[in-house]
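K.L.:
What shape does this take:
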Amino acid sequence: MRADRRLVAFFLVLFVFLGQILSSNSFVLAVNSQDDNLTAPKSIPMSLGVRPANLPNDDQYEGGFGLPEENLAIIDGVSDSLTEEEIANAPFFVLDEFTDVAEMRDGYKVRRIYSQPRLVFEENGVKKVHSPDWSKFQTNNDSVLAQSEKGYDYQIQLENGTKIGVTAGELENGGTKILPKSVEVKTKRLENTYSSIYSDIYPGIDVTFKDSGVIRERNIVIKERPTGQGVGNDMIFWEEQTLSATAKVFIGEKEVKSELKTAGQEIYIREADGSRLVITPAIIYDGSGSGASHIDINGQMIDMIVRIDRKAGKVYLGLVAPATYLQALTTVYPVTIDPFYYACNEGQAGLSCALTDWYFRTINGASDLSYDSTQLLFGLWKSGATNYTRHVGLKFDVNFQGLSEAVIGANLKMYYRNLGNGTDSFADTTGRRITRSWPTTNISLLDYNTFRGSLVSENPSLKLYTSPTLNWKTWNVTKTVQAWQNGASNYGLIVEQDPAWLSGNVPPTSWEDRLFVFDSGSYAGSTGPYLEITTQTINQPDLYPFNPSIVSRTIEAGGKLDTSVTVRNAGPGVLSSGGVIKYYWTQGTVASYATGNEIGSLSFPALGVYAESQKNFSFTVPPGTAPGNYMLSFWIDPANTIAETSNTITKPLGVLLLMLKSQI
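P.N.:
All right, here's what the predicted structure looks like:
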């Protein structure tokens, strides 16, 4: 029973007319009943429920896709009550976009909570998760890529159904403007990605689109070093998007009224209801290597020009490939530019726009930027005198304090895609709790130095090896999740090497020379990070007042009031240490529980399930008390020191009303 419930607890109301009171005064005694519908607060990602009968398990994942079958038991001694086999074979069902739940024996429950909402659909009344090869762009005819007189021409559907048209624009090279050609598009499936190629849509330049989940990546591939008239000029690749009359365009948090230039910030077209088309910062990188680690180290943010024409209902997006980069002798061709596109919603419906996984980059201790990508990097790469460090940030949007069961174990699961740069074969890693707030929709304003001095190191270290790849890795983060359940603010956690790097430009000397690459869930990927939490229902007492009464029928200044109330334990657990009732005297008809109104206290003993204890309290009205209305009230366990079960059932509340009337 919570402290706020005590404030609504049973009370005795006395309308006392102090002064000349006759012995024949009459009174009316009424016991009223009302419902206490307090339930454990819960948010969308932590929806609680009962598993429907005969609900399928792995076939809830379209195409037979299941979750990792490696060691799923809570590790490091957090819980030995559920076996590895039990959890591995648990009857998980898809509760919502964020959560899978398995109801286990003996009051245990296992939840898988994802950093981003997944791609969920409903079939025959059962929620299922789309298979990894499902693509929003491939299932919508307006988004499927085809040959076009405009080069390429397609539509992106927002969460509210609004469609934004996207069309290839001119290539601007100095004073020359080149229109895109109409070329045949070739689409093929690569693992879980659909790749569509427009070859030589501009002279010597391909445009490739890669579709996965709800994300579309545009790759502009400059195949050869520019020669001739265009040498020495920046190349600007233009694209057009349609703009509704009510939509607004932003760069980060700044609205674009006519034209702005940016580098390193998201651009988004926002409808009035919060639906957005998001375009991530564009990066340019060369062909001297491949993979996420190469792109991360080699890639450079480029300028993006945003121009609005309200009359035409158009947004013009220009990606600027700098001449200095294109002509540098160290640049290896082909050169690629790659912004991402996805639709999201600022509210709880659909894909969230809030950033929940990302990584920070630093170079020699100086924070470079934060990067929102389909893959997450962390670790250290020592390249000569240069230290490149990466740090994964994760945020699980969950009200852990609203859980009605106790968290007894929590694991962070991340899918290890491949190793990055470095020479060492392992690194010690851990998850650290973030203790400061940050804007989830504008992470580009933050850097690693914003957080590192306030991180809490409380979880065990995991020795992470470079091999094997393509499997799930598990970090024990029980202490962090328990801290969130016990009242600490949930600002997320950072996964990085161990020990902590609190200050300075050089990471700890014990940090290993190795970067690791993991999958992100930012675009609803099926292999994104998730928490696996084991909880258990703990039998606790549940106290409430019963049968309050008042003996005195008349009262005047200097008189004594005798009251009685029974403290009842409705269970299901035993109260082993007893508790305290405090009493308050208030002038007027609204009870006050301020310290100055306290007039006494009584203790009550330990109580078994359904046991009760009657407590009698006497109070002498101070002589000289002015006539008027007064209230005598009480509060069981006002300090809220007794751990009680969440009140998820309806219980009666009584109000004892005593009305004294003078008969003249």
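K.L.:
Residue 282 and residue 209: what is the separation?
P.N.:
When distance is defined by C-beta to C-beta, to the nearest Å, residue 282 is 15 Å away from residue 209. In this view, the C-beta of every residue, glycine as well, is placed from N, C-alpha and C.
K.L.:
burial count for the residue lying closest to residue 186 once chain neighbours are set aside?
P.N.:
Spatial nearest neighbour of residue 186, excluding adjacent residues (C-beta to C-beta, 6 or more residues apart in numbering): residue 197 at 5.1 Å. By the criterion of other C-beta atoms under 10 Å, residue 197 has 19 neighbours.
K.L.:
Please confirm that residue 197 is located within a strand.
P.N.:
Yes: judged by DSSP: H, G, I helix; E, B strand; the rest coil, residue 197 forms part of a strand.
K.L.:
surely it meets residue 184?
P.N.:
No: look at residue 197 against residue 184 with C-beta atoms under 8 Å: they stay out of range, at 9.4 Å.
K.L.:
neighbour-wise, which of residue 282 and residue 209 wins?
P.N.:
Taking neighbours as other C-beta under 10 Å, residue 282 and residue 209 compare with residue 282 leading, 26 against 21.
K.L.:
which residues does the residue lying closest to residue 262 once chain neighbours are set aside form a beta bridge with?
P.N.:
Distances taken as C-beta to C-beta, 6+ apart place residue 251 nearest to residue 262, at 4.6 Å, with adjacent residues excluded. Legend: beta-bridge partners of residue 251 under DSSP bridges are residue 254, residue 267.
K.L.:
And residue 318, by the same measure?
P.N.:
The partner residues for residue 318, given DSSP bridges, come to residue 238, residue 305.
K.L.:
same check, this time on residue 392
P.N.:
Bridge pairing for residue 392 - DSSP bridges - gives residue 359, residue 495.
K.L.:
you'd agree it is up against residue 494?
P.N.:
Yes: taking contacts as C-beta under 8 Å, residue 392 lies within contact range of residue 494: 6.6 Å.
K.L.:
More neighbours: which of the two?
P.N.:
Relative neighbour count places residue 392 above the other of residue 392 and residue 494, with 24 against 20, counting by other C-beta under 10 Å.
K.L.:
Let me know the pLDDT of that one.
P.N.:
With respect to pLDDT, residue 392 scores 94.
K.L.:
how much space is there between it and residue 250?
P.N.:
For residue 392 relative to residue 250 (C-beta to C-beta), the value is 26 Å.
K.L.:
swap in residue 84?
P.N.:
Taking C-beta to C-beta, one finds residue 84 at 48 Å from residue 250.
K.L.:
Quick one: name whatever helix or strand follows the worst-scoring helix or strand of the chain on mean pLDDT.
P.N.:
When each helix and strand of the chain is scored by mean pLDDT, DSSP states H and E, strand 26-36 comes last, with a mean of 28. Downstream of strand 26-36, the first helix or strand assigned by DSSP states H and E is helix 84-88.
K.L.:
For that next one, list every residue counted as buried.
P.N.:
86, 87 (16 or more other C-beta atoms under 10 Å).
K.L.:
which helices and strands does that helix pack with?
P.N.:
Applying 3 or more C-beta pairs under 8 Å, 6 or more residues apart in numbering; DSSP states H and E, we find helix 84-88 packed against no helix or strand.
K.L.:
Where do the strands of the stretch 501-650 of the chain begin and end?
P.N.:
With DSSP state E, counting those that start in this stretch applied, the stretch 501-650 of the chain shows strands at 514-519, 530-536, 543-550, 560-569, 579-587, 598-604, 612-620, 630-636, listed in chain order.
K.L.:
what sits up against the second one?
P.N.:
Put plainly, it is strand 530-536. The contact list for strand 530-536 (C-beta atoms under 8 Å, 6 or more residues apart in numbering) reads 72, 74, 78-79, 81-82, 87, 106-115, 396, 398, 403, 405-413, 477, 481, 521.
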